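1. my questions concern the predicted model and sequence given below.
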Number of protein chains: 2
Amino acid sequence: MNEQRGPVTALRGSRDAQLAVRIALAATVEPEDRTMLPRLRGLDPFTAWDLVRSNEGGAFGRAVARAEQLRVDGIVARTEEVGARIVIPGDAEWPCGLNDLEHPPFCLWIAGQATLGESCERSISMVGARAATPYGTQVAGELAYGLSSRGFTVVSGGAHGIDTASHRGALAAGGRTFAAMACGIDIAYPAANAGLLRQIEQAGAVVTELPPGFAPQKQRFLSRNRLIAALTPGTLVVEAGLRSGSRSTATAASRIGRLLAAVPGPVTSPASAGPHQLIRDCGATLVTDVDDCAELFGAIGADLAEPKRAAPTLFDALEESDRRLLDAMPVVRGTTAEKLAISAGLSAREVTRGLAALHAARLVERIESGWRRTPGHAS
Amino acid sequence: MNEQRGPVTALRGSRDAQLAVRIALAATVEPEDRTMLPRLRGLDPFTAWDLVRSNEGGAFGRAVARAEQLRVDGIVARTEEVGARIVIPGDAEWPCGLNDLEHPPFCLWIAGQATLGESCERSISMVGARAATPYGTQVAGELAYGLSSRGFTVVSGGAHGIDTASHRGALAAGGRTFAAMACGIDIAYPAANAGLLRQIEQAGAVVTELPPGFAPQKQRFLSRNRLIAALTPGTLVVEAGLRSGSRSTATAASRIGRLLAAVPGPVTSPASAGPHQLIRDCGATLVTDVDDCAELFGAIGADLAEPKRAAPTLFDALEESDRRLLDAMPVVRGTTAEKLAISAGLSAREVTRGLAALHAARLVERIESGWRRTPGHAS
């Protein structure tokens, strides 16, 4: 990156200069790198880049080979070639939530119509297993559709399974959705989702912290997961095996104080073992429908869910003594008030008053042999 | 009960005398009666019965009709006729847990081989909807079987659905199981479960606080539920609609400090709405298998469940830098150490050391064009 040294020093403080060193850092230091990043914490990007370049005491040996072949202008050109943009902290589009991360991205590559930062204010991250079950994809799709209809941006990872179902649900509702990727913005991964990713760009955006050409790799998926967690007020895990990467998203969300929720499922389904463990051991809130999610992830007080209650029955509205009287009432043959007092354990006055009330409510009727329940009200 | 007045007074303090007044109280005062029971709290049964009989100020009008036709000897005879026994506080078989109730039963009718009190020390109440799904009955049956195999007594309500599946699971394991009923000990309810109730008597017992001849009535099911909750250290709700009576068992369990757990299920199943609400809003612990239940309901420290974890893979055991190196390793064509340093973002030394380690672990191999993953270890 020798050709960048001059301009970078001259323009310190300008957006272009900062963009250049941030691209350089993104292209040489792997996200969440445990060796180099701790030494760069709290430094401005210029100082950080100087330190990486100098490889003082060999602490930045990992960056040497990459720095030698780095061409920032090539990265910028490739970004423009695929119609993407690069966003850095301070830009209006930068999502402030990312600043909560221990190691925020140096910059973001974004391809799509929507503005990332403001779209994430009312949003939810939906994640889960690639090997989802029909139950999981159905639930994810319905929740995403419902939340999208209520103005939530749905953020996910563009992968098969729960991710795809979540994006598709949001798209079906005509809402905004973002896919945070574990590879360069010029790579459609998985390839089978290339069409879906194009739709996501139309209705939202695809976003990544990895420079063009960076391949999807296992560690990068884990690092990417922290972005999904940080972009929104909370993460919902729909289905996940005990080994699922969704667990890392959940952990990341909890670590930076985001809400965490999970959808239960059959205990016989390994794909629900992850959500169950998150609910039981990690404080995830159990959610079952769009109302639950909107209440949890929406603005405080603005999306209150109706308490889940069965409709009250006529029986519920009766007084205790009348309920007992009705309980004791025969269904076929009639009985006397005296016998009802014994079988219901009520006083003569309670029986007389109760019979009048139940009769007025047409719950009981008088036949030749005495009182019985009105047929049709037998239960 | 005039014929009882003399002996009762003469024998105050004897077990027979106490048994007689307790039978009289059970036969005249309905379980959880809101009018009479609050006036009897804290009184010994003799004083309580005197008060009920006297109907002072009309406060016990509900008992008048019943008291007039009461025949304690008839109740005792009927109990013996059906091969049952009556147990009162102070008897060895009395389950002490019942004393935690606001209104404990006056006495218990028990039919069966097992001794109630001691069998309830290691026990669990399993309850749920009569209208259970195949999922619910399968899970209930398997949990009851597994818990029974580990020495837990399974307490339930003898009803269709989850109750039946729970009893049957315990029976299949050759374990003890109790059915707490909402009717007299001489009534098999539901009639279709008469055979099951006979099996339960052989392997455990059927128990009720209602005198012989008392029919199953709505309010009595609710009162019976508090017995199920009080008999064991905790209650497990397997499936329940929002209106299910299991909710009253759960509430009763919580009120007297018992453990409460629930089995999640598909959010698309109304039969799992009850458990989900209990987990979300009522502090019920989410349980998914026998290990979870044994740990929760068993003796502290004696039944610890293994933490649910996926088996670690070879990949987990690698150091961070080696994982990144393996991530960057091509699958088909080989690559050079220099290129790996760039794609993995590692130093030359880390690559050299990592290649040696991965090669020794047979995760990578050297071919003419360089290094690649060993076929078969591609993922």
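-> Right, received. Where do you want to start?

2. what does the longest helix that chain A contains rub up against?
-> Ranked by residue count under DSSP state H, the longest helix found in chain A is helix A:134-149. Residues from elsewhere that reach helix A:134-149, judged by Cβ atoms under 8 Å, 6 or more residues apart in numbering or on different chains: A:124, A:126, A:128-129, A:132, A:154, A:161-162, A:164-170, A:172-177, A:236, A:238-239, A:263, A:265-266, A:269, A:271-272, A:289-290, A:293-294, A:297, B:266-268. Every C-beta, even on glycine, is put in place using the N, C-alpha and C of the backbone.

3. separate out the buried members of those.
-> Burial of the contacts of helix A:134-149 was assessed by neighbour count (16 or more other Cβ atoms under 10 Å in any protein chain shown); the buried members are A:124, A:126, A:128-129, A:132, A:154, A:161-162, A:164-170, A:173, A:175-177, A:236, A:238-239, A:263, A:265-266, A:269, A:271-272, A:289-290, A:293-294, A:297, B:266-267.

4. from these, which land in helices?
-> Mapping the buried ones among the contacts of helix A:134-149 onto helices (DSSP H) picks out A:162, A:164-170, A:290, A:293-294, A:297.

5. ok, the host helix or strand of A:Ser321 near chain B or not?
-> Under the criterion DSSP states H and E, the helix or strand holding A:Ser321 is helix A:320-328. Yes - where contact is defined by Cβ under 8 Å from any Cβ of the partner chain, part of helix A:320-328 touches chain B, namely A:320-321, A:323-324, A:327-328.

6. ok so, going back, of the ones in helices among the buried ones among the contacts of helix A:134-149, which pair is most distant in space?
-> A:Thr164 and A:Ala294 (22.3 Å; Cβ to Cβ).

7. which residues are in contact with the helix or strand following the helix holding A:Ser321?
-> Tracing the chain C-terminally past helix A:320-328 and defining elements by DSSP H and E, one meets helix A:337-344 next. The contact list for helix A:337-344, computed with Cβ under 8 Å, 6+ apart, reads A:321, A:324-325, A:327-329, A:335, A:346-348, A:350-352, A:355, A:370-371, B:30, B:64-66, B:69, B:215.

8. how about whichever helix or strand comes after helix A:337-344 and chain B, any contact?
-> The helix or strand immediately downstream of helix A:337-344 is helix A:348-360, counting by DSSP H and E. Yes - when contact is scored as Cβ under 8 Å from any Cβ, part of helix A:348-360 falls within range of chain B: A:348-350.

9. got a list of what the residue of the stretch 1-150 of chain A found nearest chain B touches?
-> Using Cβ to the nearest Cβ, A:Gly61 is the residue of the stretch 1-150 of chain A that sits closest to chain B, at 3.2 Å. For A:Gly61, the residues meeting the contact criterion (Cβ under 8 Å, 6+ apart) are A:55, B:347-350.

10. switch to 7 Å and redo it
-> Contact criterion Cβ atoms under 7 Å, 6 or more residues apart in numbering or on different chains gives A:55, B:347, B:349 as the residues in contact with A:Gly61.

11. just give me the closest of these to A:Arg255.
-> Using Cβ to Cβ, B:Ser347 is the member of the contacts of A:Gly61 that lies nearest A:Arg255, at 28.5 Å.

12. from B:Pro95, how far off is the nearest residue to the closest one once chain neighbours are set aside?
-> Using Cβ to Cβ, 6 or more residues apart in numbering or on different chains and skipping the chain neighbours, the partner closest in space to B:Ser347 is A:Gly61 (3.2 Å). Using Cβ to Cβ, to the nearest Å, one gets 71 Å for the distance from A:Gly61 to B:Pro95.

13. how is chain A divided into domains?
-> Taking automatic domain parsing as the domain assignment, the record places the domains of chain A at A:2-70, A:96-297, A:314-373.

14. show me the shaky parts of chain A.
-> Across chain A, residues meeting the criterion (pLDDT under 70) sit at A:1-12, A:300-302, A:377-379.

15. what are the boundaries of the strands in it?
-> Remark: strands assigned in chain A by DSSP state E are A:85-87, A:108-111, A:123-127, A:153-156, A:177-180, A:205-208, A:234-237, A:259-262, A:285-286, A:364-367, A:370-373.

16. of the residues of helix A:320-328 next to chain B, which is the most crowded?
-> For those, the largest neighbour count, defined by other Cβ atoms under 10 Å in any protein chain shown, is 26 neighbours, found at A:Arg324.

17. got a list of what that residue touches?
-> Taking Cβ under 7 Å, 6+ apart as the definition, contacts of A:Arg324 comprise A:344-346, B:30, B:219.

18. circling back to that earlier point, ok, and which of the domains of chain A has the densest surroundings?
-> Using mean count of other Cβ atoms under 10 Å in any protein chain shown, the stretch among these with the greatest mean number of neighbours is domain A:96-297 (a mean of 22).

19. I am finished for the moment; much appreciated.
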